[in-house]
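Visitor: Provided below for reference: sequence and predicted model.
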Amino acid sequence: MRSELSHNGENHALPINISDHLRREQLRHPEATGALSSILADLSRVAKEISYLVNTAGINGAYGSTGKINVQGESVIKLDEQANRQFKDILSNNPYVAGFASEEEMTFVPFAPDSRSKYVLWFDPLDGSSNFDTNVSIGSIFSIYQRVSDARGSVNESDFLQAGRAQVCSGYFLYGTSTMLVYTTGHGVYGFTLDPSVGEFVLPQDYAKIMMPESARTYSVNEAYRPLWSPRMVAFIDWLKTRNDDPCGARYVGSLVADFHRNLLKGGIFLYPQDEKHPSGKLRLNCELNPLAYIVEQAGGLATDGENNILDIQPSSLHQRSPVLIGSKNEVLSYMG
Ligand code: AHG
Ligand code: MN
Ligand code: MN
């Protein structure tokens, strides 16, 4: 926290901006080369662009669908495509990035080989896109891995099929009532807010080293699928809302980032279980669950597919889905029994 004397001599603490923060973190970790800081700085540029597109969509005719269906079998809205392009354009100019994979791309995308390119990224460029046209919070999710292929050549699929435990950084941008960046590199969770008056991400004091409440106050699940759930899931949700000591309330936005963020700050559990129609749930392991699982664990919470810690699952395909329970530790452990 910097401090500054105002004109009347009072001492005002100024929240630090993301460049200062990244510089400070780099000094604190002498092994750091500056590559991750450079990627995070670029990601924050991407998010500023997307945030602007989100904020002005209503007046620029940017709502609506492209009429295409993506590799997930889901309808692609205009902003899905634009957001994906922003990530791609900005990252392709970063010398430390060897390539990326995205929810919106059929397969991974290699960048031109460069001996400095030791990282690859996964991202969901726009999460919660079905909420976009109605001005409900949406987000972007990202994850950074060290590549496992030889840095002299091009990336290959093994770079993008690493267990979440191997992540070196993950985070998300939330385009809500304010735009936020929440990220971790394994040294705690930081939450920045975009200050629109200066166009910079700043770190309010309360959002350094975020720890989540150990117990949930709310549960987040699409309860319309209840008739398709397993008896175990039905019993668990019933227990959450009727337990004597502290019954949970229900909150479900339908944008994973928004639901996750509320639970992170207030205590809660988000569930997207398997059911009769979705044998592996809906959410994508590599671009949605692993990044959030890394954050939740750094904040003292847990993420599981019901049997395995999400971070320990070895992915076998790029767009693999997984059931998930993620959030406050006590409730996730209660489900596990
Ligand atoms: P995306 O917009 O990236 O395709 O993700 C949508 C996801 C996630 O954000 C949300 O939690 C979930 O879909 C909601 O699914 P249901 O409508 O089945 O509840
Ligand atoms: Mn998503
Ligand atoms: Mn998406």
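Guide: Arrived safely, thanks for sending. Ligands and ions are numbered 1, 2, ... in the order given.

Visitor: any chance you could map the strands in the stretch 201-337 of the chain?
Guide: Under the criterion DSSP state E, counting those that start in this stretch, the stretch 201-337 of the chain contains strands at 218-220, 249-250, 268-272, 302-304, 324-327.

Visitor: Determine which of the ones you listed approaches ligand 3 most closely.
Guide: strand 268-272 (14.0 Å; Cβ to the ion). Glycine gets a C-beta too; all of them are placed from N, C-alpha and C.

Visitor: Which elements pack onto the closest one?
Guide: In terms of contacts (3 or more Cβ pairs under 8 Å, 6 or more residues apart in numbering; DSSP states H and E), strand 268-272 is packed against strand 218-220, helix 231-242, helix 256-266, strand 324-327.

Visitor: so how far is the third one from its chain's centroid?
Guide: Read that as helix 256-266. Helix 256-266 has its C-alpha centroid displaced from the chain centroid by 10 Å (Cα atoms, centre = their mean, to the nearest Å).

Visitor: ok, and does the helix or strand where residue 86 lies reach over to ligand 1?
Guide: Following DSSP states H and E, one finds residue 86 within helix 78-91. No. Using Cβ under 6 Å from any ligand atom, helix 78-91 stays clear of ligand 1, coming no nearer than 7.6 Å.

Visitor: can you check stretch 105-119 too?
Guide: No. Applying Cβ under 6 Å from any ligand atom, one finds stretch 105-119 separated from ligand 1 by no less than 13.0 Å.

Visitor: got the end-to-end distance for that stretch?
Guide: End-to-end distance of stretch 105-119: 18 Å, with Cα to Cα, to the nearest Å as the criterion.

Visitor: so residue 123 touches residue 141, yeah?
Guide: Yes. When contacts are counted by Cβ atoms under 8 Å, residue 123 is listed as touching residue 141 (6.3 Å).

Visitor: Of these two, which one has the most company?
Guide: residue 123 (30 against 27; other Cβ atoms under 10 Å).

Visitor: The more buried one is in what secondary structure piece?
Guide: Assigned by DSSP H and E, residue 123 falls in strand 119-127.
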